[in-house]
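S.K.: let's see this in three dimensions:
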Amino acid sequence: MTAETVLYIVIAGVLSFALAVFMYGYKTKYKGPLRWLFAGLRFLSLFALLLLFINPKFTSETYRIEKPKLPILVDNTSSIGALEQTENLNSALQLLQGSNAITSKFDVAVYPFGDGLSLQDTLTFSDRNTEIAKALTSIEEIYQNETAPTILISDGNQTFGTDYEFSTRNFSNPIYPVILGDSTKYLDLKIQQLNTNRYAFLKNQFPVEVILVYSGVEEVRTEFVVNQGASVVYREAVRFTETNNTKTLSFTLPASRAGLQRFSAQIVPLSEEKNTTNNRKQFAVEVIDQATNVLIVSKIVHPDLGTLRKAIETNEQRTVTLMKPEAAANVLNDYQLVILYQPDRSFAGVFRQVTALKKNTFLFTGLQTDWNFLNNAQEVFQKEFTLQDEAVTGQLNPNYGTFAIEDIGFNDLPPLQTDFGELQVTVPHEVVFEQSISGFTTGSPLLATTELNGKRDALWDAEGLWKWRARSFVDSGSFLSFDTFLGKLVQYLASNKRRSRLEVTNETFYYNNIPIRISAQYFDQNFVFDPRATLLITVTNQEDTKQTVFPMLLRNNYFEVDLTSLPAGEYKYTVSVRDEAVARSGSFTILDFDVEQQFLNANVTKLTNIATNTGGIATFSPQTQELINSLLEDNRYQAIQKSEQKTVPLIDWKYLLALIVLLLTIEWFIRKYNGLI
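M.R.: Next up, the predicted model:
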């Protein structure tokens, strides 16, 4: 308490005493004990009331010891088992957790990781991917502005993600790798990478590129073979030396049958090889008998055109052709979808043919659109435009039900440019995005789809689509999420297939080292998406006929199931709706590929480099005790005494108020008892 507060309390006491004496000691009518009793009660009530206004406070100071943190990242992937390092990992972890000196100096926390940090307590060594950079970055964020040296128990082999050697250069805390495995180089042949298209067209050739790598000092000769079932479809002899240890083979294979075609690539192993798992890799190609042809008609040159082409052709089933409106009018019948970009009067012939042929269209408008012409050329929408433009963003409609849309952060994407004015869609339609200006929706659609008399159309009322694709890449490091969204839109518009109440979307084949997801949408009798439905998927392994039932979880405007736990094989599935006679069936294949079993050694170089770059020390697992000694002797990691000051009231106002009420109540009852009221 400050001296000023003490002075106020003294003044309050003197003032309360003076008032009590004046009221009951100077010319009072009360005699005897009642006089002093009333004076005492009045003094206490006045003093308590003044204390309530003064609200005296005092400061309490507490001290606590804060130990430095010691997060331990533990590699929980199958590569640890493949390198026979599970025992070494468990021994190192037990030594760290069981050290009384470590636990007394540090707050220890263990984090298993695979493609991210895990919440599980036990180690299974079953994760199929390793992303060390993500795990280290997560720890850096968790212990931001804290002293937290990080122990990384791993073989250092990362299967995807950014390079952790470079992503840790600016880390604030040292990293101490505990290396599992050794740096011994064994004689080995492996398929480093195999590239091919996911789709091919019937009676065409599809390209295959294979990168083969040899580790050894002697010259060796072997063969690279590709099999389809029991038949050999490609064979080539290869030779390696210590200096010429990489071969890139490029060849084509025939797409002779429609449907899913499975292949097995193998570099014939040598008798001395320790690991032959990485000599073989399965791959598949879906052969289709026709492609989806998309025509983009535009009179102007704009970055959006390149964005559309790139995004659509991400799927090899689709080909895109760009034409001027004068040339496009006579070839529309060769295409399943016509994209009209910022039409003007030169598009008159194209619009006449679109109407005559009932072609599905995807119309883009912008600052160079001739709205006088466009309002008269079609009857789907009208816009009251002005000569002003405005910047708009897209507000995703979570209830859009025509097809499943995953929110990739649309609300945070850059604004697009459009002509100022109200847009009205005059036929039954669904809005994908509403126009939004400074966070407020305008009521006009930015993107809407219509389906009328078997003809499907979409309108995108803004230009600058390239900004969205670029920003999506910046945010996620890939164009995949944006291209997938646009691909679904193109797939819907390019098809005249009648909608079903239950729509299921899946790939024909998956690799078992990536997420395996199947999505579905269920509509009621009015074709409105029904989020209350319960969807189940029954998956049957065609080899052993084992059936497994999974619930499908609601994700905004679609249902989804993750089947990553299924082993490699061929499967049939049936999606059904509980209490409804609606079901859809299909099939898919899971190809076996465990990227974690492709390694022979620990990546000693990268683990040593991150230790050097961050000020830590790299040790092998048998040297864990040396790491413990180093941590204990390092003066950078000291417990810190922290003080915490709290300012609290001398008497809680609730108790003071209760005391005032009690004193006044007692005085009232005494007066009443003695007939003074």
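S.K.: give me the element V110 is part of.
M.R.: Under the criterion of DSSP states H and E, V110 resides in strand 107-113.
S.K.: list the buried residues of that strand.
M.R.: In terms of neighbour count (16 or more other C-beta atoms under 10 Å), strand 107-113 has its buried residues at V108, V110, Y111, P112, F113. The way it works is simple: take the backbone N, C-alpha and C, and place the C-beta from them, glycine included.
S.K.: alpha carbons of the strand or helix carrying V504, as CSV, please.
M.R.: Assigned by DSSP H and E, V504 belongs to strand 502-505. Extracted C-alpha coordinates of strand 502-505, given in CSV (Å, rounded to 0.1, in the frame of the first residue of the first chain):
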residue,chain,number,x,y,z
LEU,A,502,-26.6,-39.8,-54.4
GLU,A,503,-23.4,-38.7,-56.1
VAL,A,504,-20.1,-40.4,-55.2
THR,A,505,-16.6,-39.2,-56.2
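S.K.: could you give the mean pLDDT of stretch 345-364?
M.R.: Average pLDDT, stretch 345-364: 93.
S.K.: contacts for it, please.
M.R.: The contact list for stretch 345-364, computed with C-beta atoms under 8 Å, 6 or more residues apart in numbering, reads 297, 299, 304, 325-326, 328-330, 332-333, 335-343, 370, 373, 377-378, 453-460, 463, 465, 489-490, 493-494, 496.
S.K.: and stretch 286-296, by the same measure?
M.R.: With C-beta under 8 Å, 6+ apart as the test, stretch 286-296 has contacts from 198-202, 255-261, 305, 308-309, 312, 317-323, 328, 331-332, 334-339, 341, 490-491, 494, 508-509.
S.K.: quick one: end-to-end distance for that stretch.
M.R.: Length of stretch 286-296, first residue to last, C-alpha to C-alpha, to the nearest Å: 26 Å.
S.K.: and for stretch 388-403?
M.R.: 34 Å.
S.K.: please list only the buried members of the contacts of stretch 286-296.
M.R.: For the contacts of stretch 286-296, a burial check counting by 16+ other C-beta under 10 Å picks out 199-201, 255, 261, 305, 308-309, 312, 317-320, 322-323, 328, 332, 335-339, 341, 490-491, 494, 509.
S.K.: which ones among those residues lie within strands?
M.R.: Per DSSP state E, strands hold the following members of the buried ones among the contacts of stretch 286-296: 199-201, 261, 318-320, 322-323, 337-339, 341, 509.
S.K.: now the helix or strand following the strand holding V110: mean pLDDT?
M.R.: The first helix or strand that comes after strand 107-113 along the chain, using DSSP H and E, is helix 132-142. Mean per-residue pLDDT for helix 132-142: 92.
S.K.: how far does helix 132-142 sit from its chain's centre?
M.R.: 15 Å (C-alpha atoms, centre = their mean, to the nearest Å).
S.K.: may I see the buried residues of it?
M.R.: Neighbour-count burial for helix 132-142 [16+ other C-beta under 10 Å]: I132, A133, K134, A135, L136, T137, S138, I139, E140.
S.K.: ok, the third one - contacts?
M.R.: By C-beta under 8 Å, 6+ apart, the contact set of K134 is F113, D115, G116, G161.
S.K.: I'd like to know which of these are buried.
M.R.: With burial judged by 16+ other C-beta under 10 Å, the buried subset of those is F113, D115, G161.
S.K.: among these, which one sits closest to N674?
M.R.: If you rank the buried ones among the contacts of K134 by distance to N674 using C-beta to C-beta, F113 comes first, at 80.6 Å.
S.K.: any idea what the closest one is bridged to?
M.R.: Note on F113: beta-bridge partners by DSSP bridges are D75, L117.
S.K.: list the beta-bridge partners for V220.
M.R.: F240.
S.K.: that one and A237, how far apart?
M.R.: Per C-beta to C-beta, to the nearest Å, V220 is found 11 Å from A237.
S.K.: looking at those two, which is more packed in?
M.R.: Higher neighbour count among V220 and A237: V220, with 16 against 9, using other C-beta atoms under 10 Å.
S.K.: could you check the pLDDT of the more buried one?
M.R.: Turning to V220, the model gives it a pLDDT of 93.
S.K.: contacts only, for it.
M.R.: V220 sits next to L189, Y214, R239, F240, L270 when contact means C-beta under 8 Å, 6+ apart.
S.K.: hmm, which two among those residues are most spread apart?
M.R.: R239 and L270 (12.5 Å).
S.K.: partner strands of the longest strand anywhere in the chain and their direction?
M.R.: With DSSP E applied, the strand covering the greatest number of residues in the chain is identified as strand 381-396. Counting by DSSP bridges, the strands paired with strand 381-396 are strand 416-425 (antiparallel), strand 429-437 (antiparallel).
S.K.: and those strands as TSV, adding mean pLDDT and mean neighbour count?
M.R.: Output for those, formatted as TSV (pLDDT from 0 to 100; neighbours: other C-beta atoms under 10 Å):
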stretch	mean pLDDT	mean neighbour count
strand 416-425	90	18
strand 429-437	91	20
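S.K.: so which of these is nearest N245?
M.R.: Comparing these under C-beta to C-beta, the one sitting nearest is strand 416-425, at 50.9 Å.
S.K.: hmm, back to that, ok, so of the contacts of K134, who is nearest G229?
M.R.: Out of the contacts of K134, the member with the shortest distance to G229 (by C-beta to C-beta) is D115, at 33.1 Å.
S.K.: how about the helices of the stretch 451-600 of the chain, start to end?
M.R.: 465-476, 480-493 (DSSP state H, counting those that start in this stretch).
S.K.: what are the contacting residues of the shortest one?
M.R.: Translated: helix 465-476. Counting by C-beta under 8 Å, 6+ apart, 303-304, 306-308, 310-311, 364, 408-409, 412-414, 416, 479, 481-483 sit against helix 465-476.
S.K.: pull the CA atoms of it into PDB?
M.R.: Provided in PDB are the C-alpha atoms of helix 465-476 (Å, rounded to 0.1, in the frame of the first residue of the first chain):
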ATOM      1  CA  LEU A 465      -8.700 -15.300 -61.900                       C
ATOM      2  CA  TRP A 466      -4.900 -15.600 -62.200                       C
ATOM      3  CA  LYS A 467      -4.500 -13.800 -58.900                       C
ATOM      4  CA  TRP A 468      -6.500 -16.600 -57.100                       C
ATOM      5  CA  ARG A 469      -4.300 -19.400 -58.500                       C
ATOM      6  CA  ALA A 470      -1.100 -17.500 -57.700                       C
ATOM      7  CA  ARG A 471      -2.200 -16.800 -54.100                       C
ATOM      8  CA  SER A 472      -3.300 -20.400 -53.600                       C
ATOM      9  CA  PHE A 473       0.200 -21.400 -54.600                       C
ATOM     10  CA  VAL A 474       1.800 -18.900 -52.200                       C
ATOM     11  CA  ASP A 475      -0.500 -20.100 -49.300                       C
ATOM     12  CA  SER A 476      -0.200 -23.900 -49.800                       C
END
